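*Asks:* only geometry, no sequence info:
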């Protein structure tokens, strides 16, 4: 096997494009396949990432020299699954079954791969964990929830928990600023789905105009509280909390300003062995974008997933169970 | 094998005693052996931790019902090495060769165990890494640098690094407050060894009176800069930094006040894929003591070491390579 990890990226929106750019800066990874809703592109020797990054929002990867149109672009990537080592799933997950169903197709194909994602919903993550025995049978490794939250901040909660004999609560409060919401259409819809009166189904069916109208009402900001976020199930599985309700996730998304409206931080409060209540805090620098904090960890966890596969440790694990690796 | 991890603690000073207390609160661990410089105690069914915690500073564990005097207490623990699963080394490491030499004795005995420590010095950690192939042969797992720093804060640096394509520096600045330095005689000497004009050898040979005289001059405080701290080698191995000089460790120890003189924090500064310089920060709550932040992680890493051994992954690894587990 080539020393480089050959990567396929599912999705070419804001996160997918960031993945293309970050992978292009890495010696240890090579991007060989990518798809969007219109088509896919593949090159065994590595895609032309410069050409990929020149695509505008309305262009499909199908239009690249290395691209092809398809009615089932994910299916085309699945057919190529012996040609790469790892898959980063940068697709929107609306509805909850969408990504789990894609993984079932990979498993059905008998693909032995590593996968990372940036899944956010608790229910979607529960569906993923049900695939454990099938993933083991196909000798695959899936690390779930490998973005910023769940992901980076959830991992920090596992570290923070070490100082305490009892964890009382984990609070994650995030700020995201994006200058133009159309770069992150799917992410915004996933956030809208958390708002009172909305659901995953309702948000996924909103037209761009309806999203615009909603954002006009809120001055472009979405403030979310008590989100259904998979940090809870991942911290429960890791034993950091005994009840999912001990984990609270919320934040503010500004869709009209690249500056973060609030700083992103994870605060874990617990009781030490000598009876002291205290809080450890992990805070992200305001200058780091959502894309940097999601895609960086997802690729770092992919390198760890490759390590696990090499050691014949298969199945699905949360991002709370392993330390991501640094990809050079 | 019993489901509980049977633990031996080497050392019964401040950190050793904290380990006794924390293990006594855990369902998944049982303390079966401990030693100090005068003797050792062993009970296959678990030591009487209440009796252990009643010992004063001048008492030896040899005086316990389960205890025995010995001229080579560590040697006695090594003889018992088939009776436990894990060893937490809570001994002072003066000189640098002291703990590596103890591990060589375990290896010579053919013990297949897991080990964690709270080693701090870079040179001592280098000596430990040289034992990798011997540890592999004896089917043992050694996780090195599993305290607060290196340990908890160094792990947080690996997480923080994920958002960046280039890490510029990692700064660790710690504050420790202890009401009575005599509880942590060895720790204080290890800190003095970092001061200008002192060495590991010189500090280890200081009498208690000489330490007192030094502390009198500084009002009980020790302020340390550019410490030789193994965070550098561990972050270099993990690929977070390319040069050890990018890691800077310092702090203030107040030996006359349980309150921390400054907050303990790890700050990692890097450049994101889109060219932004930013810093992530992991900050420990002031109410958490050194003992809580060292022993908690050391036991969490021990559980991970047991997981590694179960998966037949042997040898020595840094605390930067794995996520510690939550011990229930």
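*Replies:* Looks like it arrived, so ask away. All values derive from a computational prediction rather than experimental measurement.
*Asks:* Which residue ranges make up each domain of chain A?
*Replies:* As assigned by automatic domain parsing, chain A contains the domains A:5-149+A:291-321, A:152-288.
*Asks:* Next, format those domains as CSV and append distance to residue B:155 and mean pLDDT.
*Replies:* Yep, even glycine has a C-beta here, placed from its N, CA and C like the rest. Compiled in CSV, the domains of chain A are given as follows (distance: least, C-beta to C-beta, whole Å; pLDDT from 0 to 100):
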stretch, distance to residue B:155, mean pLDDT
domain A:5-149+A:291-321, 13, 96
domain A:152-288, 5, 94
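*Asks:* so can I have CSV of these showing mean neighbour count and distance to residue B:13?
*Replies:* Output for these, formatted as CSV (neighbours: other C-beta atoms under 10 Å in any protein chain shown; distance: least, C-beta to C-beta, whole Å):
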stretch, mean neighbour count, distance to residue B:13
domain A:5-149+A:291-321, 21, 33
domain A:152-288, 19, 16
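*Asks:* Out of the ones you listed, which gets nearest to residue B:133?
*Replies:* domain A:5-149+A:291-321 (17.9 Å; C-beta to C-beta).
*Asks:* End to end on that closest one, go ahead and measure it.
*Replies:* Terminal residues of domain A:5-149+A:291-321 are spaced 22 Å apart (C-alpha to C-alpha, to the nearest Å).
*Asks:* How far away from the center of its chain is it?
*Replies:* 10 Å (C-alpha atoms, centre = their mean, to the nearest Å).
*Asks:* now stretch A:249-263
*Replies:* Using C-alpha atoms, centre = their mean, the offset of stretch A:249-263 from its chain centre is 18 Å.
*Asks:* what about that stretch and chain B, any contact?
*Replies:* No - using C-beta under 8 Å from any C-beta of the partner chain, stretch A:249-263 never reaches chain B; the gap is at least 10.0 Å.
*Asks:* Stretch A:40-55 too?
*Replies:* No - looking at stretch A:40-55 against chain B by C-beta under 8 Å from any C-beta, there are no contacts, and the closest approach is 11.3 Å.
*Asks:* ok, and what's touching that stretch?
*Replies:* With contacts defined as C-beta atoms under 8 Å, 6 or more residues apart in numbering or on different chains, stretch A:40-55 is touched by A:12, A:17, A:20-21, A:23-24, A:30-35, A:61-68, A:70, A:73, A:76-77, A:80, A:83.
*Asks:* Inside strands: which ones of the residues you listed?
*Replies:* Counted as lying in strands by DSSP state E, out of those, are A:30-35, A:67-68.
*Asks:* Let me have these in JSON lines, extended by distance to chain B.
*Replies:* Compiled in JSON lines, these are given as follows (distance: C-beta to the nearest C-beta, whole Å):
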{"residue": "A:30", "distance to chain B": "16"}
{"residue": "A:31", "distance to chain B": "14"}
{"residue": "A:32", "distance to chain B": "19"}
{"residue": "A:33", "distance to chain B": "20"}
{"residue": "A:34", "distance to chain B": "17"}
{"residue": "A:35", "distance to chain B": "22"}
{"residue": "A:67", "distance to chain B": "23"}
{"residue": "A:68", "distance to chain B": "28"}
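*Asks:* ok so, going back, and the domains of chain A: which comes nearest residue B:96?
*Replies:* It's domain A:152-288; of those, that one is closest to residue B:96 (C-beta to C-beta) at 26.1 Å.
*Asks:* got the contact list for residue A:9?
*Replies:* Applying C-beta under 8 Å, 6+ apart, we find residue A:9 in contact with A:16, A:19-20, A:23, A:31, A:33-35, A:87-88, A:90.
*Asks:* Widest-spaced pair of these?
*Replies:* A:23 and A:35 (15.0 Å).
*Asks:* before we move on, what SS does the residue in the stretch 101-250 of chain A that chain B sits nearest to have?
*Replies:* Using C-beta to the nearest C-beta, residue A:239 is the residue of the stretch 101-250 of chain A that sits closest to chain B, at 3.7 Å. Following DSSP: H, G, I helix; E, B strand; the rest coil, we place residue A:239 in the coil state.
*Asks:* So it sits against residue B:323, correct?
*Replies:* No - if you go by C-beta atoms under 8 Å, residue A:239 and residue B:323 don't touch, sitting 11.9 Å apart.
*Asks:* Direction included, what does the strand ranked longest in chain A pair up with?
*Replies:* Identified as the longest strand of chain A according to DSSP E is strand A:166-177. When pairing is defined by DSSP bridges, strand A:166-177 lines up against strand A:247-254 (parallel), strand A:265-271 (antiparallel).
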